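Q: What follows is a predicted structure for the sequence shown.
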Number of protein chains: 2
Amino acid sequence: MPARKNAFYAQSGGVTAVINASACGVIEAARKRKDRMGKVYAGRNGIIGALTEDMIDTSRESAKAIAGLRHTPGGAFGSARYKLKSLEENRAEYERLIEVFRAHNIGYFFYNGGGDSADTCYKVSQLSKKLGYPVQAIHVPKTVDNDLPVTDTCPGFGSVAKYIAVSTKEAALDVASMARTSTKVFVLEVMGRHAGWIAAAGGLAGRTPAEAPHIILFPEVPFNKRAFLKRVKDCVRDNEYCVVVVSEGAAYKDGTFLADAGTTDAFGHKQLGGVAQVVAQMVKDELGFKYHYAIADYLQRSARHIASKTDVDQAYAVGKAAVEMALAGENSVMPAIVRKSDKPYRWTVGKVSLARVANREKMMPKRFVSKDGFGITAACRRYLEPLVKGEDYPPYRDGMPVYVELKNVPVKRKLDKDFKLR
Amino acid sequence: MPARKNAFYAQSGGVTAVINASACGVIEAARKRKDRMGKVYAGRNGIIGALTEDMIDTSRESAKAIAGLRHTPGGAFGSARYKLKSLEENRAEYERLIEVFRAHNIGYFFYNGGGDSADTCYKVSQLSKKLGYPVQAIHVPKTVDNDLPVTDTCPGFGSVAKYIAVSTKEAALDVASMARTSTKVFVLEVMGRHAGWIAAAGGLAGRTPAEAPHIILFPEVPFNKRAFLKRVKDCVRDNEYCVVVVSEGAAYKDGTFLADAGTTDAFGHKQLGGVAQVVAQMVKDELGFKYHYAIADYLQRSARHIASKTDVDQAYAVGKAAVEMALAGENSVMPAIVRKSDKPYRWTVGKVSLARVANREKMMPKRFVSKDGFGITAACRRYLEPLVKGEDYPPYRDGMPVYVELKNVPVKRKLDKDFKLR
């Protein structure tokens, strides 16, 4: 039997309500196969932890603590916005990774992130061979943006989608009941700078044109002020109120973000704030309606209390599958969610080569946006509905969710030189 | 046996996640005492429904639909921001109310609201006697602002408190895991223009100075920019990140709201937006930290999905008690929550004269704010903790909460003249 290799796991980019469920899947699967896989080391603050040899020994955590990761939002080991450059630009970073992996007998690299980390993962697997220290690199998908190709959805997205759909529905009930004498137009700003997946999820709040949200502003659909204002006006006339879900990436035809429009004052100062208030103020100025707006920001991607069970299950499953693929000798692959049927929703975990994932974005198909550009289609609803399905509540104590806090014991360093980050 | 009188129920002011639970309490209790109480008519859009003789016959709703009100946010019959003026200023409004009540044989007036509606309730009971058509007026407490006197808490507040505490905790985990390379300061704006009760609830997210929220900005504590910035700086130095919960009512010593400070540009245009971005931008300008901010707005007071069980139970209980008090011959009173003990939390429903409630605000006691003005004390935590305790999840179907929609069948009008609202 060959000496067991250790594994390195790191979280990358913006965290989600369920990225720790993937960590849980990785660690629990590895623990079950102790005969084949050594310890799982986690990068403190993601890949930075590998570059600086600042790793966490997850074997020091109890089974209970690791199980608790499944219902704990945020990134338990810290994540990082740190994109490795191309091999040509900064080969030293890749070499350093391999150096650290070699020093700690790490043969498996599990990288939990979006498109950028898939690319890094891919490069590490390529380079490690050349450098004579082969590492099996497996990408574990995660992104609230839902923009990874091939996989049916990205763990993290379903829970944001559920949060936005539920919040839209709830706020709409509030606004509807007050509209006679108070707020007529409510605007909810959601994430998604490049793709309207999250905004589309707001569409799950209603089923008929009279039901909120009455208008969704997608990044994919050039903003037409006149058409928008007419729609708001008609909606208030017909329903007495209007709920708008706007993506932070909503933009004019020329690509200017709405949030950027008219953003400097006479002194050249950048105007503060986001797209929700720009849209709300536009409604106020042109139509005179009283408005309110909410900006969900990080609340939406950390809202583990209203996570989608489908999403939690899938996040765990891809973590677990990553370990199984590694032990099956796979390299440079990503576990992906494969949809078998819409209703009932049936899915399984498939395997996709990283060469097919790296540097490709999955945009929202045109057929998911209604003809007028302000809503979602039946096809979109069919796609989205299963992803928000099921509840998976965390445990509570004294009214507050009990989220685990790990000890995060450092792995003893073995290299005597520091690595300077860019 | 005297002829049974009907009852009129109306919702007033901003709605909450649990105001319908009070409606449920009123209607279910009245249905149980059909021998003594006639139908419950609800005002469409609150008191406006009485003034315009636009009432809803709740007897047309199934028992299942009424039971569903207990878990449905918003105002099921519509609410209104419509404060009746003083008797001297607009006696006609009060006389009209009595006229409508008389036409529909209404002997019980249940008004579900905050301070203003308590005052209206009080005046109606006074005037009805003088006009020779006595109405028993019972106020059913409700307000997320938690500012009604005498009662231990106000139904609606506990659920907002839970939402803010949970959201603060979750967003803090997100920020903490990203702080090494991304956002260092996160600001959450919460409701409460006059009192810091909701902001204080954010304090439940953490227990130690290192835990978020690190800073709470209360309306009760004059904003000191220098002290605030120093605290942010120290916090980022010590914890790598800083979470701020700011009340929309946070203000400078002279009473100027932070949200109003410097609100006009060179053209005299009012600057958009709320206090969160003012605070966030201040941090950016003076300390250079990357920031994010969220504005919970209506999401916080409609978030039935994360309602506090204590709050739901109390909202139902005061509705039920209102009917029982009415049948016991009470007039001009309000059911109030009486705290028997903190831990375990034991409470009961007491009775308070409206003369003691009308036109009095309960401010947050000084002893609830920590000495430095940036946090809550142990006494405050003792007060708040039981109010967020327990979960009371709505039912879900296909991933979405199932909130009831009533038929809201109108009561046939009996008066031939319209009433012109102000």
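A: Now that the structure is in, tell me what you want to look at.

Q: Any residues of the stretch 1-150 of chain A in contact with chain B? List them.
A: Proximity of the stretch 1-150 of chain A to chain B is confined to A:11, A:14-15, A:17, A:45, A:48, A:72-82 under the rule Cβ under 8 Å from any Cβ of the partner chain. From N, CA and C alone the C-beta is placed, and that goes for glycine too.

Q: Sitting in helices, which of the residues you listed do you find?
A: The helices, defined by DSSP state H, take in residue A:48 from the residues of the stretch 1-150 of chain A next to chain B.

Q: Please report the distance of the residue nearest to residue A:4 when sequence neighbours are not counted from chain B.
A: Once flanking residues are discounted, residue A:4 sits nearest to residue A:38: 4.3 Å by Cβ to Cβ, 6 or more residues apart in numbering or on different chains. Remark: distance between residue A:38 and chain B (Cβ to the nearest Cβ, to the nearest Å) = 25 Å.

Q: quick one: contacts for residue A:38?
A: Listed by Cβ atoms under 8 Å, 6 or more residues apart in numbering or on different chains, the contact partners of residue A:38 are A:4, A:5, A:6, A:7, A:105.

Q: Got the phi and psi for the fourth one?
A: Torsion angles at residue A:7 (phi, psi; degrees, to the nearest 10) stand at phi -120, psi 150.

Q: State the number of residues packed around it.
A: 27 (other Cβ atoms under 10 Å in any protein chain shown).

Q: For it, give me its contacts.
A: By Cβ under 8 Å, 6+ apart, the neighbours of residue A:7 are A:26, A:30, A:37-41, A:106-110, A:323, A:326.

Q: Bridging across strands, which residues link to it?
A: Beta-bridge pairing for residue A:7 (DSSP bridges): residue A:40, residue A:108.

Q: And the pLDDT for it?
A: Model confidence at residue A:7, given as pLDDT, is 98.

Q: if I look at it, how far off is chain B?
A: Where chain B is concerned, residue A:7 sits at a distance of 20 Å (Cβ to the nearest Cβ).

Q: again with the first one
A: Between residue A:4 and chain B the distance is 29 Å, computed by Cβ to the nearest Cβ.

Q: Assess the claim that that residue and residue A:36 are in contact.
A: Yes: with contact defined as Cβ atoms under 8 Å, residue A:4 and residue A:36 form a contacting pair (6.4 Å).

Q: quick revisit: list only those of the residues of the stretch 1-150 of chain A next to chain B flagged as buried.
A: For the residues of the stretch 1-150 of chain A next to chain B, a burial check counting by 16 or more other Cβ atoms under 10 Å in any protein chain shown picks out A:11, A:14-15, A:17, A:45, A:48, A:72-82.

Q: Tell me which of those fall in strands.
A: The strands in this structure, assigned by DSSP state E, contain residue A:11 from those.

Q: Mind putting the contacts of residue A:7 into a markdown table with pLDDT?
A: Converted to a markdown table, the contacts of residue A:7 look like this (pLDDT from 0 to 100):
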| residue | pLDDT |
| --- | --- |
| A:26 | 98 |
| A:30 | 98 |
| A:37 | 98 |
| A:38 | 98 |
| A:39 | 98 |
| A:40 | 98 |
| A:41 | 98 |
| A:106 | 98 |
| A:107 | 97 |
| A:108 | 98 |
| A:109 | 98 |
| A:110 | 98 |
| A:323 | 98 |
| A:326 | 98 |
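
Q: Tell me the one among the residues you listed nearest to residue A:250.
A: Proximity of the contacts of residue A:7 to residue A:250 (Cβ to Cβ) peaks at residue A:110, which lies at 35.4 Å.

Q: Isn't the closest one up against residue A:138?
A: Yes: contact criterion Cβ under 8 Å: residue A:110 and residue A:138 qualify, at 5.4 Å.

Q: how about the helices in the stretch 101-250 of chain A?
A: Secondary structure of the stretch 101-250 of chain A by DSSP state H, counting those that start in this stretch: the helices cover A:115-130, A:157-178, A:197-202, A:225-239.

Q: Just name the most buried of these.
A: Highest mean neighbour count of those: helix A:197-202, a mean of 30 (counted as mean count of other Cβ atoms under 10 Å in any protein chain shown).

Q: Phi, psi for residue A:36 please.
A: Dihedral pair for residue A:36: phi -110, psi -30, per degrees, to the nearest 10.

Q: so what's it up against?
A: Residue A:36 neighbours (Cβ under 8 Å, 6+ apart): A:4, A:327.

Q: Pop out the phi and psi values for residue A:415.
A: Main-chain torsions, residue A:415, degrees, to the nearest 10: phi -100, psi 150.

Q: So which bits of the stretch 151-300 of chain A are right by chain B?
A: So far as Cβ under 8 Å from any Cβ goes, the stretch 151-300 of chain A lies against chain B at A:162, A:165-167, A:169-171, A:173-178, A:180-183, A:186, A:188, A:204-205, A:265-267, A:271-273, A:276-278, A:280-281, A:292-299.

Q: related to what we said a few turns ago, which among the helices of the stretch 101-250 of chain A is found nearest to residue A:400?
A: helix A:157-178 (18.1 Å).

Q: mean confidence for that closest one?
A: The average pLDDT for helix A:157-178 rounds to 98.

Q: So which elements touch that helix?
A: strand A:185-190, helix A:197-202, strand A:242-247, strand A:291-295, helix A:298-302, helix A:309-327, helix B:298-302, strand B:400-401 (3 or more Cβ pairs under 8 Å, 6 or more residues apart in numbering or on different chains; DSSP states H and E).

Q: Make JSON lines out of the ones you listed and add distance to residue A:96.
A: Formatted as JSON lines, those follow (distance: least, Cβ to Cβ, whole Å):
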{"stretch": "strand A:185-190", "distance to residue A:96": "38"}
{"stretch": "helix A:197-202", "distance to residue A:96": "35"}
{"stretch": "strand A:242-247", "distance to residue A:96": "38"}
{"stretch": "strand A:291-295", "distance to residue A:96": "39"}
{"stretch": "helix A:298-302", "distance to residue A:96": "30"}
{"stretch": "helix A:309-327", "distance to residue A:96": "22"}
{"stretch": "helix B:298-302", "distance to residue A:96": "44"}
{"stretch": "strand B:400-401", "distance to residue A:96": "48"}
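
Q: quick one: which of the ones you listed is nearest residue B:114?
A: Nearest of those to residue B:114, taken as Cβ to Cβ: helix B:298-302 at 12.4 Å.

Q: List the contacts of that closest one.
A: Here helix B:298-302 has contacts from A:167, A:170-171, A:173-175, A:183, A:186, A:188, A:292, A:294, A:296, A:299, B:14-17, B:73-74, B:144, B:156, B:159-160, B:163-164, B:167, B:190-191, B:198, using Cβ under 8 Å, 6+ apart.

Q: where in chain A is pLDDT low?
A: Chain A contains residues with pLDDT under 70 at A:1-2, A:261-273.

Q: again, only this time at 50
A: Residues of chain A meeting the criterion pLDDT under 50: A:1, A:263-267, A:269-272.
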